[in-house]
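Trainee: Take a look and give me a structure for this.
(one chain, ligands or ions: 1)
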Amino acid sequence: MQEALNVVVKWAVIEGLNISPHKTSIVPFTNRMNTDGLGPLTLYGKELTMLDMGKYLGVTLDSKLNWNQHLQKIINKAQTTFAVVRYTCGKKWGLRPNMVQWLYTRVNRPSIIHGALVWWSKAMQKTTETQLGRIQRMACLAITGAMKLTPTAAMEILLNLTLLDMVIQVEARMALYRLHILKQPANPKAEAGLPYIWKNVSDPLLEMRVDHTTPVYYYYYSKVFSVIMDWDHWKSKDPVFPEEALIWFTDSSKANSGTGSGIFGLRPNRSFSFPLGKFATVFQTKIYAILQCECENIRRAYKKKQILIFSDSQAALKTLSGPKVTSRLVAECLDALSALASLMRLPSPGCRGIPGNEEADKLARQASATPLLGPQMGLGIPKCSIREAIKNWTEMQHLRAWIDLPDLRHGKLFIGRPCKKRADDLLKLSRHQLKMVTAIYTGHAPVRGHMYTTGPFDGDPICRFCGMETEKEQHIVCCCKTLARQRYNVFGRVTVEPKDISTASIRDLCRFIRSAGFPWFVRHSHLI
Ligand SMILES: [Zn+2]
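Mentor: So this is what the prediction gives:
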């Protein structure tokens, strides 16, 4: 070991670096209990201290690489920072729910998931899931102001907050994808030494050919074509289509059967359609159409001629005129445009109603209806599709975890599936309203039946309105006869089913709770 250290010191001296013995310590990464043979090591005559952990770029590396110390540190840190957030809000006062949610997801959570690609395997353990679940619970309670016994899973589904261990896996996948892009075209499985991660958090989509690439810069002065976005300005020119110019129209189409591009040449009179399979995005098909126009011009050796290519996609044209390119397809298209030293003009987006454009549109439709023979992902998978696939995977996992949970009968009936719109609507409510709505959804409202079961209420748990059944959340919201009129006014029916509540708007539910006149809906009331 001393020899190895000497080699490092020698190398540092050659490179003009200086290693300070006061700031250097040794961490043996080994499972061996006995580390006698490893030391003592000396640097510039000073004996180095032996530690059982070290910190590098914010990740604590312990000598056995079991990530226990790292996890403990981030959990302590998250609890401390969230305690500060708790100072800003109570059950009935303080920051609005959306602000607390923002603080949690944008300030607290990133500090927890930092470096997830390295230690994600720890998050798969049951004990870690429980510890991370506690932090998430703290956040859910602070956001909703719900009662103490409210189940975390129900609040997570209501607020559309993914489980923390899943967020860590998502982060690991995204980091893996970034490595995949950097390592292309070499096989990342072999090159990056990540077979274990690939086996566990990979996705079949990550292994397909990607369209995303490291940024390539094309500067304005290196471009031999020009992009005209102002169609009105172009239209006022006389003549609109110069005599000698070659004119091409491009269009694309996306249908259930697939995608496709069509190009139509007014001069020369040529038309092509290209089926592009199911994975291509609209943006890719538009760029592909322009690329194919170029290829046709190059093939036909049309040089030193004015060429006009029309496209109705503002996004495609803006990307082609911009300096930074992160897509292989766009880079290929720009290279093709540069190879042909002609003036390119691409007016947009008002080329509707022009006969040539309608021809191109027809060709594109034909292409999208034609099944693609050959590999589906010919254009490469764009980054947004990968992000979408990972998001869908997370949502599926979250939903499955929710369905597989034992118990929580009331929550499953009333909440149903996670819904982003409902979560957004909930966060717009005031603290007090959100607390009430969460109580109804999760079945943990201060109604007599619930209070009687959990302990604080020892009277008769009969419904205070009709006096016929036990006063439970489901009875009051769905079928209490005394509240039939209020229910009819809001939902249009005398009785409702729990699944109707799960799809009803938050506004309606709030209106119903208010019109029912529960004593606990009145602010600062502690009446049962
Ligand atoms: Zn009743």
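Trainee: Could I get the pLDDT score of the closest residue to the ion within the stretch 201-350 of the chain?
Mentor: Taking CB to the ion, the ion has its nearest neighbour within the stretch 201-350 of the chain at N256, 48.9 Å off. Every C-beta, even on glycine, is put in place using the N, C-alpha and C of the backbone. What the model reports for N256 is a pLDDT of 81.
Trainee: Start the count at 425 instead of 1 going forward.
Mentor: Sure, I'll start counting at 425 from here, so that last one is N680.
Trainee: Could you report the neighbour count for it?
Mentor: By other CB atoms under 10 Å, 7 other residues sit near N680.
Trainee: Can you say which helix or strand has the closest residue to the ion within the stretch 575-724 of the chain in it?
Mentor: Residue nearest to the ion within the stretch 575-724 of the chain: A578 (23.6 Å; CB to the ion). Assigned by DSSP states H and E, A578 belongs to helix 576-583.
Trainee: Can you name the element that comes right after that helix?
Mentor: helix 588-607.
Trainee: quick check: angle from that following helix to helix 576-583?
Mentor: 60 degrees (axes from the mean of the first three to the mean of the last three CA atoms, to 10 degrees).
Trainee: average model confidence for helix 588-607?
Mentor: Helix 588-607 comes out at a mean pLDDT of 83.
Trainee: what do you get for stretch 480-491?
Mentor: Here the average pLDDT along stretch 480-491 is 88.
Trainee: The closest residue to the ion within the stretch 475-624 of the chain in helix, strand or coil?
Mentor: Nearest residue of the stretch 475-624 of the chain to the ion: M571, at 21.2 Å (CB to the ion). Classification of M571 by DSSP: H, G, I helix; E, B strand; the rest coil places it in coil.
Trainee: Might you report the residue contacts of the residue lying closest to it once chain neighbours are set aside?
Mentor: Of all residues not flanking M571 in the chain, H868 sits nearest, at 4.8 Å (CB to CB, 6 or more residues apart in numbering). For H868, the contacting residues are A570, M571, L573, T574, P575, T862, H874, by CB atoms under 8 Å, 6 or more residues apart in numbering.
Trainee: if you go through the stretch 475-624 of the chain in chain order, where are the helices?
Mentor: All helices of the stretch 475-624 of the chain, identified by DSSP state H, counting those that start in this stretch, fall at 492-511, 521-527, 533-537, 540-547, 550-568, 576-583, 588-607, 612-615, 619-625.
Trainee: try the stretch 775-924 of the chain
Mentor: Along the stretch 775-924 of the chain, the stretches classed as helices by DSSP H, counting those that start in this stretch are 779-793, 807-828, 833-839, 844-852, 855-866, 872-878, 897-898, 908-915, 922-927.
Trainee: Would you format these as a markdown table with mean pLDDT and distance to the ion included?
Mentor: Output for the helices of the stretch 775-924 of the chain, formatted as a markdown table (pLDDT from 0 to 100; distance: least, CB to the ion, whole Å):
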| stretch | mean pLDDT | distance to the ion |
| --- | --- | --- |
| helix 779-793 | 78 | 57 |
| helix 807-828 | 87 | 30 |
| helix 833-839 | 88 | 17 |
| helix 844-852 | 92 | 26 |
| helix 855-866 | 89 | 15 |
| helix 872-878 | 84 | 10 |
| helix 897-898 | 88 | 11 |
| helix 908-915 | 89 | 10 |
| helix 922-927 | 87 | 16 |
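Trainee: hey, which of those helices is tucked in deepest?
Mentor: helix 855-866 (a mean of 23; mean count of other CB atoms under 10 Å).
Trainee: Just the angle for it relative to helix 576-583, thanks.
Mentor: 120 degrees.
Trainee: Could you give the separation of helix 855-866 from the chain centroid?
Mentor: 27 Å (CA atoms, centre = their mean, to the nearest Å).
Trainee: That helix to helix 844-852, inter-axis angle?
Mentor: Using the same axes, to 10 degrees, helix 855-866 lies at 140 degrees relative to helix 844-852.
Trainee: Show me what from this protein comes close to the ion.
Mentor: Contact residues, the chain versus the ion (CB under 5 Å from the ion): C887, F889, C890, C904.
Trainee: From the centroid of the protein, which residue is nearest?
Mentor: Residue closest to the average C-alpha location in the chain (CA atoms, centre = their mean): K815, at 5.3 Å.
Trainee: distance of that residue from L556?
Mentor: 20 Å (CB to CB, to the nearest Å).
Trainee: And for E631?
Mentor: 29 Å.
Trainee: Looking at the two now, which is surrounded by more residues?
Mentor: Neighbour tally, E631 and L556, criterion other CB under 10 Å: the higher count belongs to L556, 24 against 14.
Trainee: contacting residues around the more buried one?
Mentor: Contacts of L556 (CB under 8 Å, 6+ apart): I499, I536, A547, L587, L588, D589, I592.
Trainee: most surrounded residue in these?
Mentor: That'd be I592 among the contacts of L556, by other CB under 10 Å, with 26 neighbours.
Trainee: Look at the residue lying closest to that residue once chain neighbours are set aside and report its pLDDT.
Mentor: Leaving aside its sequence neighbours, I592 sits nearest to A547 (CB to CB, 6+ apart; 4.2 Å). Here the pLDDT value assigned to A547 is 87.
Trainee: so which helix or strand takes in V749?
Mentor: Using DSSP H and E, V749 falls in strand 748-751.
Trainee: Mind giving me the packing neighbours of that strand?
Mentor: The contact analysis (3 or more CB pairs under 8 Å, 6 or more residues apart in numbering; DSSP states H and E) places strand 748-751 against strand 636-641.
Trainee: What mean pLDDT does the strand it packs on get?
Mentor: 80.
Trainee: Could you pull out the buried residues of it?
Mentor: H636, T637 (16 or more other CB atoms under 10 Å).
Trainee: Also stretch 701-710?
Mentor: Here stretch 701-710 shows G701, F703, A704, T705, F707, Q708, T709, K710 as buried, counting by 16+ other CB under 10 Å.
Trainee: repeat for stretch 878-888
Mentor: F881, P885, C887, R888.
Trainee: Wait, H899 touches I886, no?
Mentor: No - applying CB atoms under 8 Å, one finds H899 not in contact with I886, separated by 10.3 Å.
Trainee: intersection of neighbour lists for these two?
Mentor: By CB under 8 Å, 6+ apart, the residues touching both H899 and I886 are E893.
Trainee: among the helices and strands of the chain, which one scores worst on average pLDDT?
Mentor: helix 612-615 (a mean of 52; mean pLDDT, DSSP states H and E).
Trainee: For this protein, give me the ranges with low pLDDT.
Mentor: 607-627, 630, 644-648, 654-666, 727-728, 762-779, 798-802, 943-952 (pLDDT under 70).
Trainee: which residues touch T448?
Mentor: When contacts are taken as CB under 8 Å, 6+ apart, T448 is in contact with L467, L472.
Trainee: Would you mind measuring from the residue nearest to M571 to K497?
Mentor: In terms of CB to CB, H868 sits 33 Å off from K497.
Trainee: for N532, same thing?
Mentor: For N532 relative to K497 (CB to CB), the value is 14 Å.
Trainee: ok, now S449?
Mentor: Distance of S449 to K497, given as CB to CB: 18 Å.
Trainee: And for I827?
Mentor: Where K497 is concerned, I827 sits at a distance of 34 Å (CB to CB).
Trainee: just checking, H636 touches S751?
Mentor: Yes - counting by CB under 8 Å, S751 is a contact partner of H636 at 6.5 Å.
Trainee: which residues do the two both contact?
Mentor: P806.
Trainee: domain parsing for the chain?
Mentor: 426-475, 499-633+809-868, 639-793, 872-952 (automatic domain parsing).
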